[in-house]
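*Asks:* Turn this into a structure:
(chains A and B)
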Amino acid sequence: MSATHPRAGASAVTTDWRGRLAAATEKAPWIWAGLGATGLWVGLGVVAGRGMLDTMEATLQVGSFLVLVGIGQLLVISTGNGNIDLSIPSVMTLSSLVALSTADGADDRIIIGLLAGLGAGLAVGIVNVFIIFVLRIPPIVATLASGLFAQSAILRRATSSTVAAPPRLREFASGDFVGLPKMALLTLGFSVLAAVVLHRGVFGRHVFALGQNKAATSRAGLPTTRTAAICFLLSSQFAALSGILLASYTGPTISLGTPYLLTSIAVVVLGGSLISGGRSTVAGLWTAMVMLNLIVTLVFVMQWNVAIRDIFQGLVIMGVLTAAGGKQRVA
Amino acid sequence: MTATRMQPTGGRLGTLTRDIRRGLQGIDLIGPTLPIAAIVGMYVWLGTLNPNAFSYVGLDLILGSAVPLAFAAVAQSFIITLGDIDLGVGYFVGLTNAIVAIILTDDPLVGLLCLVGVVIVYAAQGALISARGLHSITFTLGSSFVWLGIARYIAPTPKASAPGWLGTFFSFRPPLLPLPVWLILAGAAGGYLVMFRTRAGLLVRSAGSNQEAFVANGGSIVKARAYGYGFAGLFGVLSGLALTGVTRSADVTASADYTLLSVAAVILGGASFSGGKISMFGAVAGAVVFSAISALMTQLNIQSSLQVGARGLALVLVIAARLLLTNRRSG
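*Replies:* Numbering: from 1, shown residues only, chains lettered A, B, ... in the order given. Okay, the predicted model is just below:
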């Protein structure tokens, strides 16, 4: 773009250099978070003298749950039109409680438990779709309301005693396979699948078309409501699966999903996806997740106050967004 | 006017309300009508169950908790008028709660300077969002972590503490109606006056209703956002003061729900996410709806777990009713 500007002298060189940088980050918008993550990783290794591989393994273990819900949030945000899923934290908690109490700690009931948990998530997803597309209520309010419904279900369930995860499910959520956390491998599998579907498949083209211009997509005869509805349903499924596995890893609590309300959005936008939809990168979920989690590690290693962790995370999110700024105005 | 009536609006009611609204020029009637009708309905029901609900003490008890949320809803109104959404309101109120309860109690001058400081920072945040072409949702998501971090730094654990004069003020018993009613009305009136009777408010509204036209006519969108966010900061501080006055303690996460509840209240009140359209009295009425529901559910002996879901249901019902009345075709 900027290379074609008929400008002379030094300014042309600057714009050319800037243009190339802009083009590079346009192609790989996850690079900002990736650079930040690498800096923190190396810094932690050098300054704190922590084993770099150990740090990364721990990060992948803890952070996979975030990437998993992030995939769902990313699908919803990609469809644009102000779409966002605020019911994610409630779905995570509700599904985990349903799944673990159904499985009742028995290995041979894992499948039934998983199905029950995913079913609970699907129920919330269907409520979302109904409120958004039938009652035509804006997604922010709609998913907030369905999250409140799920919250009621959680509080009713929480009065019955909570059960720990079946041993094999717990082993899966915390175990390793050829040196990598099984969780990370599962999440990687879903990430590759999501990336292929989004960037190579017809469905992905519908998603991005919808995210960039709803009216044009509709006029071109492409499905708009169906595409967005599928994304909301998938989001509830990713949240349910992540919640069940997270509860198997940390143990079930009624505030299990709470931190994921804001972080599921943060990991999408920090990775370089546009909050307004139409442009998304699954790889960015990973770089953003690693960066956010390494900040937590850094604060832990340096024995700083948790207050510093929050401030630091916030400043990093603001800083990355401001640096990447400007060009987000395209839409 | 005749041309408007010729439009295929579908239903006489829609045309009628539109004409009435045009005639009243900017004074939005349908906005506050629905939530106020909901409040009156719930109150009458509440009164049949327990006549004390209408007494001075009853009103005081029921509406006390609604005061901080009402001010937070006024704050969010300024942001939503700009077409933005502030995901930091809840933690910002938590921050001002911490400043008021801890710093203002110890050292009034430093506390006052801090409060003025955070309002200026809020205004600067608005200017930065405009200047860099950022997206409000993501940027305020980042800054929310910063507010939470600073608040946690000031008040690491919940602590009973409040300035003496604030406690005295909140135990004041004015004539006719209890203090919460006067404060809620004052909040709505204050928000209304700033938004509709000042030049700065006019800037905010014009920038929100049509940004392109506003800029084309030489308006500064940076200035408009600085004003809008500045007013939001001001009412956020008032919300923090009210919260401290009601709870007489510093608890930085007590107001975490305000972020989404304030958005919900503003939309309940008749605003639209696309900006420009706002009703201050509607937003404040929306905030009161939430506390009236809790009072009614308690009186009906309905399990507390269902109260959360009832909030969601009220949200969906009121907004669906509004969409039916205004006969909007797309959500």
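*Asks:* Just to check, residue A:208 is in contact with residue A:278?
*Replies:* Yes: taking C-beta atoms under 8 Å as the definition, residue A:208 is a contact partner of residue A:278 at 5.6 Å. For the C-beta atoms, the positions are set from N, CA and C on the backbone; glycine is no exception.
*Asks:* any shared contact partners between these two?
*Replies:* By C-beta atoms under 8 Å, 6 or more residues apart in numbering or on different chains, residue A:208 and residue A:278 have these common neighbours: residue A:78.
*Asks:* and the stretch 201-331 of chain B, which of its residues are near chain A?
*Replies:* Within the stretch 201-331 of chain B, the positions lying close to chain A (C-beta under 8 Å from any C-beta of the partner chain) are B:260, B:263-264, B:267, B:273, B:303-313, B:315-316, B:319-320, B:323, B:328, B:330-331.
*Asks:* pLDDT weak spots in chain A?
*Replies:* Along chain A, the model assigns pLDDT under 70 to residues A:1-15, A:50, A:159-162, A:325-331.
*Asks:* Hmm, residue B:83 is touching residue B:208, no?
*Replies:* Yes: contact criterion C-beta under 8 Å: residue B:83 and residue B:208 qualify, at 5.1 Å.
*Asks:* and for those two, which residues touch both?
*Replies:* With C-beta under 8 Å, 6+ apart, residue B:83 and residue B:208 have common neighbours B:275, B:276.
*Asks:* Among those two, which residue is more densely surrounded?
*Replies:* A direct count of neighbours by other C-beta atoms under 10 Å in any protein chain shown for residue B:83 and residue B:208 places residue B:208 higher, at 26 against 19.
*Asks:* OK, contacts around the more buried one?
*Replies:* Residue B:208 makes contact with B:81, B:82, B:83, B:224, B:228, B:275, B:276, B:278 under the criterion C-beta under 8 Å, 6+ apart.
*Asks:* Okay, and the fifth one sits in which element?
*Replies:* Read it as residue B:228. For residue B:228, the host element (DSSP states H and E) is helix B:221-247.
*Asks:* tell me, what residue is most central in the chain?
*Replies:* I'll assume chain A. Taking C-alpha atoms, centre = their mean, the centroid of chain A lies closest to residue A:70, which sits 1.1 Å from it.
*Asks:* I was thinking of chain B, sorry if that wasn't clear
*Replies:* Nearest to chain B centroid, counting by C-alpha atoms, centre = their mean: residue B:73, 0.6 Å.
*Asks:* What is the burial count for residue B:171?
*Replies:* Neighbour tally, residue B:171, other C-beta under 10 Å: 10.
*Asks:* per-residue pLDDT, it?
*Replies:* Residue B:171 is assigned 89 on the pLDDT scale.
*Asks:* Then residue B:71?
*Replies:* You'll see residue B:71 listed with a pLDDT of 98.
*Asks:* surely it meets residue B:186?
*Replies:* No: contact criterion C-beta under 8 Å: residue B:71 and residue B:186 do not qualify, at 9.6 Å.
*Asks:* who's more crowded, these two?
*Replies:* residue B:71 (32 against 15).
*Asks:* Could you pull up the residues touching the more buried one?
*Replies:* Residue B:71 makes contact with B:187, B:235, B:236, B:238, B:239, B:242, according to C-beta under 8 Å, 6+ apart.
*Asks:* can you count the residues close to the nearest residue to residue A:320 once chain neighbours are set aside?
*Replies:* Sequence neighbours aside, residue A:32 is the residue nearest to residue A:320 in space, at 5.2 Å (criterion: C-beta to C-beta, 6 or more residues apart in numbering or on different chains). Residue A:32 has 22 neighbouring residues, counting by other C-beta under 10 Å.
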